[in-house]
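Enquirer: Test case, fold it:
(chains A, B, C, D, E and F)
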6 protein chains.
Amino acid sequence: MTTYQRPSGRAADQLREVTLTRHFTKHAEGSVLVSFGDTRVLCTASVDERVPPWLRNENRGWVTAEYGMLPRSTHDRMGREAARGKQSGRTQEIQRLIGRSLRAVVDLEALGQRQITLDCDVLQADGGTRTAAITGAYVALVDAVNGLLERKQLKRDPIHGHVAAISVGICGGTPVLDLDYAEDSTAETDMNVVMNDAGGFIEVQGTAEGHAFQRDELDALLELAGSGIRELVAMQQAALAAAS
Amino acid sequence: MTTYQRPSGRAADQLREVTLTRHFTKHAEGSVLVSFGDTRVLCTASVDERVPPWLRNENRGWVTAEYGMLPRSTHDRMGREAARGKQSGRTQEIQRLIGRSLRAVVDLEALGQRQITLDCDVLQADGGTRTAAITGAYVALVDAVNGLLERKQLKRDPIHGHVAAISVGICGGTPVLDLDYAEDSTAETDMNVVMNDAGGFIEVQGTAEGHAFQRDELDALLELAGSGIRELVAMQQAALAAAS
Amino acid sequence: MTTYQRPSGRAADQLREVTLTRHFTKHAEGSVLVSFGDTRVLCTASVDERVPPWLRNENRGWVTAEYGMLPRSTHDRMGREAARGKQSGRTQEIQRLIGRSLRAVVDLEALGQRQITLDCDVLQADGGTRTAAITGAYVALVDAVNGLLERKQLKRDPIHGHVAAISVGICGGTPVLDLDYAEDSTAETDMNVVMNDAGGFIEVQGTAEGHAFQRDELDALLELAGSGIRELVAMQQAALAAAS
Amino acid sequence: MTTYQRPSGRAADQLREVTLTRHFTKHAEGSVLVSFGDTRVLCTASVDERVPPWLRNENRGWVTAEYGMLPRSTHDRMGREAARGKQSGRTQEIQRLIGRSLRAVVDLEALGQRQITLDCDVLQADGGTRTAAITGAYVALVDAVNGLLERKQLKRDPIHGHVAAISVGICGGTPVLDLDYAEDSTAETDMNVVMNDAGGFIEVQGTAEGHAFQRDELDALLELAGSGIRELVAMQQAALAAAS
Amino acid sequence: MTTYQRPSGRAADQLREVTLTRHFTKHAEGSVLVSFGDTRVLCTASVDERVPPWLRNENRGWVTAEYGMLPRSTHDRMGREAARGKQSGRTQEIQRLIGRSLRAVVDLEALGQRQITLDCDVLQADGGTRTAAITGAYVALVDAVNGLLERKQLKRDPIHGHVAAISVGICGGTPVLDLDYAEDSTAETDMNVVMNDAGGFIEVQGTAEGHAFQRDELDALLELAGSGIRELVAMQQAALAAAS
Amino acid sequence: MTTYQRPSGRAADQLREVTLTRHFTKHAEGSVLVSFGDTRVLCTASVDERVPPWLRNENRGWVTAEYGMLPRSTHDRMGREAARGKQSGRTQEIQRLIGRSLRAVVDLEALGQRQITLDCDVLQADGGTRTAAITGAYVALVDAVNGLLERKQLKRDPIHGHVAAISVGICGGTPVLDLDYAEDSTAETDMNVVMNDAGGFIEVQGTAEGHAFQRDELDALLELAGSGIRELVAMQQAALAAAS
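Expert: I've put the predicted structure just below:
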């Protein structure tokens, strides 16, 4: 019997309010503002018919991601990466994760000789920016691909299934779903889980912040993650079903 | 008698629809989403009580600005400056302009030993991003300074007067106000004008794109700019008068 | 009944030959050449009594890691990161992982106001360089700390327990331990697991390369990893027990 | 009735002594040492028959500029930009201005598939380096183009008219022409004006340093600039008329 | 009659123990661990059939070198060049020297349209890393070229003669051969000499550390260097004669 | 009996015309335009009373050098190092050489807690820029030090003796003095020699470009260099004796 109270008052297995706003900006082939509570990330999908040099003469396309935080998306202002002249290790780690996660549901040969870039820019951060980014970028990617299908630039849909992501962690000894910043900064264990709509794992990244976690804790976290992902996939489906 | 029709259908001296949304994000001391038509810029003001090294033992503060465009804020995706490892000359030129413009209405000694940074990030670009940024950043700056006054960290208001900015140009031989991208890319002359609420000039930057402009054309442009600035100042006043 | 044959002829749960050679170079406070089969990584521990600026006046120390590959440690020559002027995202990701893993077994307050840097340089790569690096760097760290204890610069040992790491993956449908390059490049799922000597998890990083992995596959991989870690911890203990 | 005395003893509408020394160095297709008083800038024009990648298959050429200051061209030594690894925002702003100004008098299609680069390097700075640079670079550009015409690499002259530049400002309440460093650092308003030989404006960049400037002040400054430009154009003509 | 005692106890004209271990790593076409006493450098030769852009359509190949020191190869840890984002002037100077020295014994036309890169990475430094690198890289280069000859990718041997390098210096008034770190850091004059097996000079780089050196001192140093080079060439021959 | 004719018509042991123009620019504490024939280098000496961090609490000063070439100082335009964001290996090698050469004649303790920076910027290149730079920078350094002595900021002269530099080489089998670009680019051996006024060697850097050079060739080159240095020292003395 646990007595842990989440700062947000949520139940242990309760997501924050999630919104997926399509067509948030007008230029990109896909543009989704995703919010997980106070975390807000603008995800755009840009189709480039010119493939990068290393992809020429390969009979396939590529999906990649870039990630950034606006300097004052955070509680204290961070230095602007463009001004410092380099992206931090954390930024690179996250954008590599987003790219891998999305490629896991795309048939790159079916995509043809083109590249789609997902830009995930954090307007406001309150924990879970990378999981919000993956969840929102998926919707932007689908919108971009549907545009290619409608314009007959693609013959068949290269996307097989959904991908969504959520964080889980152990706070005050209790496994909880979708940590906000207040929880994230005090969690003993922090795990990001990326899954598809068939319940398969695409990425599992768990880190012991305080003390090492045991196998039964890991099991409980994976259960929580699975239920969160199912909810997120349903929200993606609802957003995509709405008239654009 | 001119026959030039603006692509937007606007009158020659008509601004696009302008909105100033305060408190757009929650962490910054000032946070304003400004839109000039489809141009949308998020302007945040961050107060830093630690002054930069070169300001130590100077009996005053500093106001500075940084500017960025999200990679897909534009029609075609631009490379991310953080990934390329440097800010373009255009970016640096614009952020220097924003900083100078705001400092023109701030008494830096009255500001005390602190720095305020205005981050102006373009979410969607359709011409006039720098003038929107100056106009919106002013409101964010006032919000940040008012917070300092309310918390008694400042004894008197260091801000003297408003500052706003607008573009003017000659299109199809006609002087017009507040160019959108369609006009900007075809203008024969392009001028950005920064003024205060007393009708004084803070910056005038005019460039002949096609052929050199004559003195009477310059005069007409300055007139147009003056009327646009008066409207913008009124909107800033209305936005700041609203309950926060 | 699986028919998968490992390229190396090893059993599915069999580590490559592991060696831990202490005092491989003479200047560093700890210096270990670790080999996992043909993968060879030189791990040095450097004690710096000057703490980095952000650690001043904090009553604790820090443990950090840097990682690099010699240009021709790999099958094809890679560009030298020092010549290209930046570390790749992969490099940064790995060195952050090594640092976190080692800090998980160090009491930073007990370490006092000093920093220990673990440099992990790959002389020859054949898969598993990050897991070899963590396993070897731990031994170098212990040697460096023991030196501080012997010279009475530390009163009590800040290291609590062992940390080691191993990769597991699914190849040809079979869960296998300690993938070499031939397996790594064809694995359907690839997971790096960092654990302590009490069987607790410090990091779990699993990636679906081909298709998403199922919960039972994840369970099998974690079992394999646990047995591999137990062997590695025993080897660390044996190496450290030997006369230096 | 003003009592302002210029530090140099000049009349308000008096230029400093201007010299334009052609063929100052021997390798460049055009090479001009320009001096505005103690400000000395070496301007070279380099013709490159290989166009940059973005210009291929465009049926035209390009004119661009680069600007630099020798580290000890200034009163106190500045850090060398090559050593710091980046050009300052000021440097980029100035070189963009020089390039735009020169392109305003060049028919890029008539120039053909080639690029001309104007390097403007400040040997000694005493205010007005950018206006001296534009004025001198024009002469270097003409020399380079005349060489192409003489060698029959160009059929017709792509240069239409002169371009020159001068600074004006308000010092001690008085509008003055061609500010030297002593005046520049104390001016209330500072304006750089680029004009052609027909009295048309190419660039107007005015900045209020102290307080905003009024429309009548702006008018007075533009008058002064116009008279200065006429003198500079005459000096360019005289220099170009001299036997080379 | 000198009374100078070398810290190592060696005679003035005595080399440190030199070893040349071929095939130290497995991927490179040539891989030699060279040691001059406690100085240990790993030299690999990588053959690249794709020539760099500037070499295309030139009827010849290229030999180049890169040099690096592991951060803790030295007594105190040095910052990692890849992390700092640039190679030091010293690093660039050394790698240029190694490249020039090796090219002096290679017929680049006979090498054909390919590039060989020698990576010289210092595992442990105790003075003389550049001379050890040249001496060891030569052996790695020969192994790489012999591989090309065996695989019939080359018709005739492009290498004409040996190249080796040694340091000489004046310590305590006495000319000595092959300085270790203890001597190097106190030498009055320090000279690196690169020679071929016919006694010809390829590079002579002498630097007065304390006071200027006289002609007779220079003569004595060159004599010492010549005898050291002869020994080193004999060791290269012995190493290459051994069964690989 | 040689039949080699120098392209310049000079005798084998004949310097180009050398000029040393003091006070070429006005801001620097020393400013010398040196020309060796068509090679022209502006050398300025800047005194900085703030020592760099690593020199604090050391009871001495420092002399350092920076080197640069204007982009069109050469026959073909070179990329600007400030724009490319890094200094080439050649640039760094040369500026390190200049700094070492000048420090060889300065008593750094007598210089006191200050730094003197010699900026050597090549306005026009025709071979021998580094030797001209050393020879001219010495005169600029003396002027700067004399200023410190005159203003009583120094009690005694920290400069002991002259330093000058010259190139020698073997062209068409003949040893020649002071190579211009036409000779430099075809020389079989190229050597830069830095000496003091007592005939002592400070730096000797010889490189075999074509084939290895023999001991007797080296001897002949050193003789030539010695005679050239004596002439250069006399010119330095004459320049410094002239009224400033």
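Enquirer: helix or strand for the closest residue to A:Leu141 other than its chain neighbours, which one?
Expert: Excluding the flanking residues, the one nearest A:Leu141 by CB to CB, 6 or more residues apart in numbering or on different chains is A:Ala45, at 5.1 Å. All C-beta spots, glycine's among them, are computed from the backbone N, C-alpha and C. Using DSSP states H and E, A:Ala45 sits within strand A:39-48.
Enquirer: After that strand, which helix or strand is next?
Expert: Downstream of strand A:39-48 (by DSSP H and E), the next one is strand A:62-69.
Enquirer: Do that following strand and chain B come into contact?
Expert: Yes - counting by CB under 8 Å from any CB of the partner chain, chain B is contacted by strand A:62-69 at A:Glu66, A:Gly68.
Enquirer: Spell out whether the next helix or strand after that strand and chain B are in contact.
Expert: Using DSSP H and E, the helix or strand that follows strand A:62-69 in sequence is helix A:81-84. Yes - judged by CB under 8 Å from any CB, helix A:81-84 and chain B are in contact via A:Glu81, A:Ala82, A:Ala83.
Enquirer: Show residues contacting the helix-or-strand element of chain A with minimal mean pLDDT.
Expert: Every helix and strand in chain A was compared by mean pLDDT, DSSP states H and E; the lowest is helix A:81-84, with a mean of 92. Helix A:81-84 has contacts (CB atoms under 8 Å, 6 or more residues apart in numbering or on different chains) with A:Gly68, A:Gln87, A:Ser88, A:Thr91, B:Glu66, B:Gly68, B:Arg80, B:Glu81, B:Ala82, B:Lys86, B:Gln87, B:Thr91.
Enquirer: List the contacts of the third one.
Expert: With contacts defined as CB under 8 Å, 6+ apart, the neighbours of A:Ser88 are A:Glu81.
Enquirer: Any idea which residue of chain A lies closest to chain E?
Expert: Closest residue of chain A to chain E, CB to the nearest CB: A:Lys86 (7.5 Å).
Enquirer: sorry, back to before: state the paired neighbours of the strand holding A:Ala45 in the sheet, together with their directions.
Expert: Strand A:39-48 has its sheet partners listed here by DSSP bridges as strand A:30-36 (antiparallel), strand A:115-124 (antiparallel).
Enquirer: pLDDT averaged over it - what is it?
Expert: Strand A:39-48 carries an average pLDDT of 98.
Enquirer: ok, how many other residues are close to the residue nearest to A:Leu141?
Expert: If you count neighbours by other CB atoms under 10 Å in any protein chain shown, A:Ala45 ends up with 28.
Enquirer: My guess is it contacts A:Asn146. True?
Expert: No - if you go by CB atoms under 8 Å, A:Ala45 and A:Asn146 don't touch, sitting 10.5 Å apart.
Enquirer: buried residues in the longest helix seen in chain A?
Expert: Secondary structure of chain A per DSSP state H: the longest helix is helix A:215-241. Of all the residues in helix A:215-241, those buried under the rule 16 or more other CB atoms under 10 Å in any protein chain shown are A:217-218, A:220-222, A:224-226, A:228-229, A:231-233, A:235-236, A:239-240.
Enquirer: cool, and stretch A:78-91?
Expert: A:Met78, A:Arg80, A:Glu81, A:Ala82, A:Ala83, A:Gly85, A:Lys86, A:Gln87, A:Ser88, A:Gly89, A:Thr91.
Enquirer: go on, stretch A:187-202?
Expert: Buried residues in stretch A:187-202, counting neighbours by 16+ other CB under 10 Å, are found at A:187-197, A:200-202.
Enquirer: Then stretch A:175-186?
Expert: Buried residues in stretch A:175-186, defined by neighbour count with 16+ other CB under 10 Å: A:Pro175, A:Val176, A:Leu177, A:Asp178, A:Leu179, A:Asp180, A:Tyr181, A:Glu183, A:Asp184.
Enquirer: Low-confidence stretches in chain A?
Expert: A:1-2, A:244 (pLDDT under 70).
Enquirer: Tell me the span between the first and last residue of stretch A:18-33.
Expert: In stretch A:18-33, first residue to last residue: 10 Å (CA to CA, to the nearest Å).
Enquirer: typo on my end, it should be stretch A:146-164
Expert: Start and end residues of stretch A:146-164 are separated by 19 Å (CA to CA).
Enquirer: got a list of contacts for that stretch?
Expert: Outside stretch A:146-164, the residues touching it (CB under 8 Å, 6+ apart) are A:29-30, A:47, A:61, A:101-102, A:104-112, A:114, A:134-135, A:138, A:141-142, A:145, A:194-198, A:202, A:229, A:232-233, A:236-237.
Enquirer: Spatially central residue for chain A, please.
Expert: When CA atoms, centre = their mean is applied to chain A, the residue found nearest the centroid is A:Ile134 (1.5 Å).
Enquirer: re the thing from before, filter the buried residues of stretch A:187-202 by proximity to chain E?
Expert: When CB under 8 Å from any CB is applied, no member of those is adjacent to chain E.
Enquirer: Rebuild those residues as JSON lines, extending it with distance to E:Gly206 and secondary structure.
Expert: Below are the buried residues of stretch A:187-202 laid out as JSON lines (distance: CB to CB, whole Å; DSSP: H, G, I helix; E, B strand; the rest coil):
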{"residue": "A:Ala187", "distance to E:Gly206": "62", "secondary structure": "coil"}
{"residue": "A:Glu188", "distance to E:Gly206": "63", "secondary structure": "coil"}
{"residue": "A:Thr189", "distance to E:Gly206": "62", "secondary structure": "strand"}
{"residue": "A:Asp190", "distance to E:Gly206": "59", "secondary structure": "strand"}
{"residue": "A:Met191", "distance to E:Gly206": "62", "secondary structure": "strand"}
{"residue": "A:Asn192", "distance to E:Gly206": "59", "secondary structure": "strand"}
{"residue": "A:Val193", "distance to E:Gly206": "64", "secondary structure": "strand"}
{"residue": "A:Val194", "distance to E:Gly206": "62", "secondary structure": "strand"}
{"residue": "A:Met195", "distance to E:Gly206": "67", "secondary structure": "strand"}
{"residue": "A:Asn196", "distance to E:Gly206": "68", "secondary structure": "strand"}
{"residue": "A:Asp197", "distance to E:Gly206": "72", "secondary structure": "coil"}
{"residue": "A:Gly200", "distance to E:Gly206": "68", "secondary structure": "coil"}
{"residue": "A:Phe201", "distance to E:Gly206": "64", "secondary structure": "strand"}
{"residue": "A:Ile202", "distance to E:Gly206": "62", "secondary structure": "strand"}
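Enquirer: what's the most distant pair in those residues?
Expert: A:Glu188 and A:Asp197 (30.1 Å; CB to CB).
Enquirer: show me what contacts the residue of chain A closest to chain E?
Expert: Counted by CB under 8 Å, 6+ apart, A:Lys86 has contacts B:Ala82, B:Gly85, C:Lys86, E:Gly85.
Enquirer: likewise A:Arg6?
Expert: Applying CB under 8 Å, 6+ apart, one finds that A:Arg6 lies in contact with A:Ala12, A:Cys171, A:Val176, A:Glu183.
Enquirer: for A:Ala140, same thing?
Expert: Applying CB under 8 Å, 6+ apart, the residues near A:Ala140 are A:Arg22, A:Ala28, A:Gly30, A:Ser31, A:Val32, A:Cys43, A:Thr44, A:Ala45, A:Leu118.
Enquirer: at 6 Å what do you get?
Expert: A:Gly30, A:Val32, A:Cys43, A:Ala45 (CB atoms under 6 Å, 6 or more residues apart in numbering or on different chains).
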